[in-house]
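Novice: Provide a 3D model corresponding to the input given below.
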Amino acid sequence: MAITLHGESKRLGLALSGGGFRAAAFHLGVFRKLQAMNLLWKLDLLTCVSGGSIAGAFLAANWNQSDVLDRLDRYLKTKSIAIGSVIGGILDPFSSRLEKLAESYDRDLFDQRTLSDLGNGPRLYLNSTNLSTGNVFFFVTGGGKPSEMGEHELGVHPAETFSIAKAVAASSAFPPVFPPLRIDASMYPAAGMEYITLTDGGVYDNLGVNPLLRIKRNALDYAIVSDGGKPFAISDMPVESGSGVLLESVGILMEQVRGLQFRRLLLSNLAENGPKPLWFSIDSHEGEKQAGDATFASSIGTNLKKLNEPEREVLSRHAGALLTHRIEKYAPELLSAT
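Specialist: The predicted model follows:
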């Protein structure tokens with residue numbers, strides 16, 4: 001796909017963070033702005049986590065279709081899948097909450113398609129966390145290359161017939177609401193293991209940065225990171241209870257990882273060992289179009305519940321404004337790409 005700058009071909013990657021439907025709607029704003037800039041259908045790589053996997057996989061599954069963004073918006077305003085999946089998993093003794101989640105994705109978004117059905121779109125990574133090793137575990141397809149699943153320690157295996165819905169469910173199975181996805185050795189033959197279990201990709205890295213820096217596999221010239229994750233909020237009434245402390249501790253750990261991944265992108269580029277990075281987070285006031293957009297967008301909860309009109313409008317407007325600001329300030333040459 002690629003873009004052309006001054007007669008040279010350049011490759012563009014986009015990372016879509018986790019953060020439930022809030023993040024998915026935020027990323028939809030990025031898609032709309034990239035489309036207006038004539039860059040959306042020239043993306044070479046998408047790397048997605050959790051809510052970002054919902055948006056990214058749906059885009060890839062409907063690549064170059066004129067109505068895909070409106071269909072994604074309609075989905076986000078009409079569906080509340082988490083509650084139904086949890087109740088369904090409790091009432092049905094033969095199906096887990098995660099299986100109900102995957103079924104809902106199949107019904108509403110992916111229509112029983114497998115990873116091999118996305119071969120003509122950009123290279124797509126759907127990232128989860130392997131509870132067996134603590135590593136990022138990816139499902140990857142598209143870009144005219146084989147569909148695979150795996151990680152650096154246990155290896156990579158073919159995944160042409162693996163369900164898109166299950167891959168997205170694994171990526172968005174945030175604990176403890178959803179149990180992990182179990183994959184048996186018959187499907188993923190990891191040495192010495194009868195099975196592995198996968199949980200939300202945000203447990204390892206909520207930004208999905210790793211594929212952007214795999215320069216041997218994914219040579220990129222530009223890397224955009226859309227961060228719709230819940231920012232850590234400073235509180236004048238810090239928690240004291242055990243469960244509250246645990247929750248805040250997880251938030252602090254995720255904030256540390258986020259900062260380190262942004263730094264890693266920057267240092268890799270400065271060392272001429274990675275793409276030129278452009279990133280923005282949902283709580284950023286620098287570049288917001290209307291005062292209060294960052295505060296309002298950041299206040300929307302992390303869940304899989306339908307979003308109302310004001311929420312979707314602000315998320316889309318804010319994401320588009322932040323993307324425009326970063327490109328105009330740090331990579332204005334992209335505005336003249338063909």
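Novice: residue ranges of the strands in the stretch 151-300 of the chain, please?
Specialist: 155-158, 181-184, 195-200, 222-227, 276-281 (DSSP state E, counting those that start in this stretch).
Novice: send the alpha carbons of stretch 214-234 over as PDB?
Specialist: Output of stretch 214-234 as PDB, limited to C-alpha atoms (Å, rounded to 0.1, in the frame of the first residue of the first chain):
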ATOM      1  CA  ARG A 214      10.300  -5.400  14.600                       C
ATOM      2  CA  ILE A 215      12.300  -3.800  11.800                       C
ATOM      3  CA  LYS A 216      13.300  -7.100  10.200                       C
ATOM      4  CA  ARG A 217       9.700  -8.200   9.900                       C
ATOM      5  CA  ASN A 218       7.900  -4.900   9.600                       C
ATOM      6  CA  ALA A 219      10.100  -2.200   8.100                       C
ATOM      7  CA  LEU A 220       8.300   1.100   8.700                       C
ATOM      8  CA  ASP A 221       9.100   4.700   8.100                       C
ATOM      9  CA  TYR A 222       6.400   6.300  10.200                       C
ATOM     10  CA  ALA A 223       4.600   4.900  13.300                       C
ATOM     11  CA  ILE A 224       1.400   6.600  14.700                       C
ATOM     12  CA  VAL A 225       0.300   5.500  18.100                       C
ATOM     13  CA  SER A 226      -3.300   6.300  19.100                       C
ATOM     14  CA  ASP A 227      -3.600   6.000  22.900                       C
ATOM     15  CA  GLY A 228      -7.200   5.800  24.000                       C
ATOM     16  CA  GLY A 229      -6.400   4.100  27.300                       C
ATOM     17  CA  LYS A 230      -7.600   5.300  30.600                       C
ATOM     18  CA  PRO A 231      -5.000   7.800  32.000                       C
ATOM     19  CA  PHE A 232      -3.900   7.500  35.600                       C
ATOM     20  CA  ALA A 233      -5.600  10.300  37.500                       C
ATOM     21  CA  ILE A 234      -4.000  12.200  40.400                       C
END
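Novice: Can you list the buried residues in that stretch?
Specialist: Buried positions in stretch 214-234, judged by neighbour count with 16 or more other Cβ atoms under 10 Å: 214, 218, 220-231. C-betas here are computed from N, CA, C, even on glycine.
Novice: quick check, nearest of those to Arg22?
Specialist: For the buried residues of stretch 214-234, the residue nearest Arg22 by Cβ to Cβ is Gly228; the value is 6.0 Å.
Novice: quick one: low-confidence parts of this structure?
Specialist: The model of the chain has pLDDT under 70 over residues 82-95, 232-233, 235-236, 239, 242-243.
Novice: remind me, longest helix of it?
Specialist: In the chain, ranked by residue count with DSSP state H as the criterion, the top helix is helix 242-270.
Novice: what's that helix packed up against?
Specialist: Secondary-structure packing of helix 242-270 (3 or more Cβ pairs under 8 Å, 6 or more residues apart in numbering; DSSP states H and E): strand 222-227, strand 276-281.
Novice: re the thing from before, tell me the one of the buried residues of stretch 214-234 nearest Asp73?
Specialist: When those are ranked by distance to Asp73 (Cβ to Cβ), Gly228 comes first, at 14.9 Å.
Novice: List the buried residues for stretch 241-261?
Specialist: 254, 257-258, 261.
Novice: can you check stretch 129-145 too?
Specialist: Counting neighbours by 16+ other Cβ under 10 Å, stretch 129-145 gives 129-132, 135-143 as buried.
Novice: For Asp227, which non-adjacent residue is spatially closest?
Specialist: Ser281 (4.1 Å; Cβ to Cβ, 6 or more residues apart in numbering).
Novice: Report the contact partners of the one you found.
Specialist: Shown in contact with Ser281 (Cβ atoms under 8 Å, 6 or more residues apart in numbering): 227, 229, 231, 258.
Novice: Apply 10 Å and report the result again.
Specialist: The contact partners of Ser281, taken as Cβ atoms under 10 Å, 6 or more residues apart in numbering, are 17, 26, 207, 225-229, 231, 258, 262, 294, 298, 322.
Novice: and Ala294, how many neighbours does it have?
Specialist: 22 (other Cβ atoms under 10 Å).
Novice: my guess is it contacts Ile300, does it?
Specialist: No: assessed by Cβ atoms under 10 Å, Ala294 is found out of contact with Ile300, at 11.6 Å.
Novice: and for those two, which residues touch both?
Specialist: If you check Ala294 and Ile300 against Cβ under 10 Å, 6+ apart, the residues they both contact are 282, 314.
Novice: among the buried residues of stretch 214-234, which two are most distant?
Specialist: Farthest pair in the buried residues of stretch 214-234, by Cβ to Cβ: Asp221 and Lys230, 30.5 Å.
Novice: circling back to that earlier point, which ones among the buried residues of stretch 129-145 are found in strands?
Specialist: 129-130, 136-141 (DSSP state E).
Novice: From the centre of this structure, give me the residue that's furthest out.
Specialist: Residue farthest from the centre of the chain, counting by Cα atoms, centre = their mean, is Glu240 at 32.3 Å.
Novice: Cool, thanks, talk later.
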